[in-house]
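K.L.:
Pasting the sequence and the predicted model now:
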Amino acid sequence: KTKEIMSVKTTILSTKILSPIQKQELVKANIEVIEAEFIKTENASFEIKNLNKNLIFTSQNAVLSILQHPTIEDLKQKTVFCVGLKTKELLNENGFTVEAYTGYAEDLAEIITLVYSDESFTFFSGNLRRDTLPEMLTENGISFNEIKVYDTTLTPHKISEKVDGILFFSPSAVTSYLKKNTLANEKLFCIGNTTADALRNVLSETKIKNIKTAYQPSVENVIEQVIEYYT
């Protein structure tokens, strides 16, 4: 007697809208995708004054915002430090020279402290930025100032469908999701440590084991982990 095995479809929620290619990878793996933007970012109006010798970017949003600034050609003469491969690629494509980049803000702060402690920096940030980088620079006596160039707004949605997994790409998205939803036993896929930490802060010990963090902080890597886990 042959047993009939029913293929159970996995459903995941992405807390940001994925590109068609990214979504297609999941669909090909028989994973159904629900997606919604849980945060919105917009360029802020800002003044550039007291610019230091080196620039720091920790997100693509900050780069996109300063690309609109009238003094952009002067900014391109500066040496740049950044967080994230995608941020580095965006800077390179637009004529910036990236001296150093890392996957995480704390690693960048460490490199600056160890190798570039005599230099001065201007950090282009967003309103909901983490404290990690400025705190580490301050603690180590690094000369820097900060210019806020974009705003992140939480855009919570109530998700009524039952999902097996949830994809989180920032601590802000975690906060936004929890405004209208609760976490049950879903598998939680995170782009990086700071996002995973935001979840650890709200989960019980037993549920922390549901967190899976990407090997590299990229959307593509999160998707790879999802496919690997469910197939």
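P.N.:
On my side now, so go ahead. Numbering: from 1, shown residues only.
K.L.:
Just the helices from the protein, written as ranges.
P.N.:
Counting by DSSP state H, the chain has helices at residues 20-28, 60-66, 72-75, 85-93, 105-115, 132-139, 171-180, 193-200, 205-208, 219-230.
K.L.:
Name the residues that touch the helix or strand of the chain with the lowest mean pLDDT?
P.N.:
Every helix and strand in the chain was compared by mean pLDDT, DSSP states H and E; the lowest is helix 205-208, with a mean of 88. Contacts with helix 205-208, where a contact means CB atoms under 8 Å, 6 or more residues apart in numbering, come from Leu183, Asn185, Leu199, Arg200. In short, each C-beta sits where N, CA and C put it, glycine included.
K.L.:
One more: stretch 96-110?
P.N.:
54, 56, 58, 75-76, 78-85, 87-88, 91-92, 111, 115, 130, 132-133, 136-137, 140, 192-194, 216-217.
K.L.:
show me the contacts for Lys158.
P.N.:
Residues in contact with Lys158 (CB under 8 Å, 6+ apart) are Lys180, Asn181.
K.L.:
Please apply the same query to Ile48.
P.N.:
Applying CB under 8 Å, 6+ apart, the residues contacting Ile48 are His69, Thr71, Leu75, Ile147.
K.L.:
ok, so what distance separates Asp131 from Ser125?
P.N.:
11 Å (CB to CB, to the nearest Å).
K.L.:
So between the two, which is more surrounded?
P.N.:
More crowded of Asp131 and Ser125, by other CB atoms under 10 Å: Ser125, with 21 against 9.
K.L.:
Okay, and the beta partners of that one?
P.N.:
Beta-bridge pairing for Ser125 (DSSP bridges): Lys148.
K.L.:
Point out where this protein drops to low pLDDT.
P.N.:
Low-confidence segments of the chain (pLDDT under 70): 1-7.
K.L.:
Next up, the contacts around the residue lying closest to Asn43 once chain neighbours are set aside.
P.N.:
Nearest residue to Asn43, sequence neighbours excluded (CB to CB, 6 or more residues apart in numbering): Ser65, at 4.2 Å. Ser65 is in contact with Asn43, Ala44, Phe46, Phe124, Val149, Tyr150, counting by CB under 8 Å, 6+ apart.
K.L.:
Give me the buried subset of those.
P.N.:
Asn43, Phe124, Val149, Tyr150 (16 or more other CB atoms under 10 Å).
K.L.:
Which pair of the residues you listed spans the longest distance?
P.N.:
Maximum pairwise distance in these, criterion CB to CB, is 11.3 Å, between Asn43 and Phe124.
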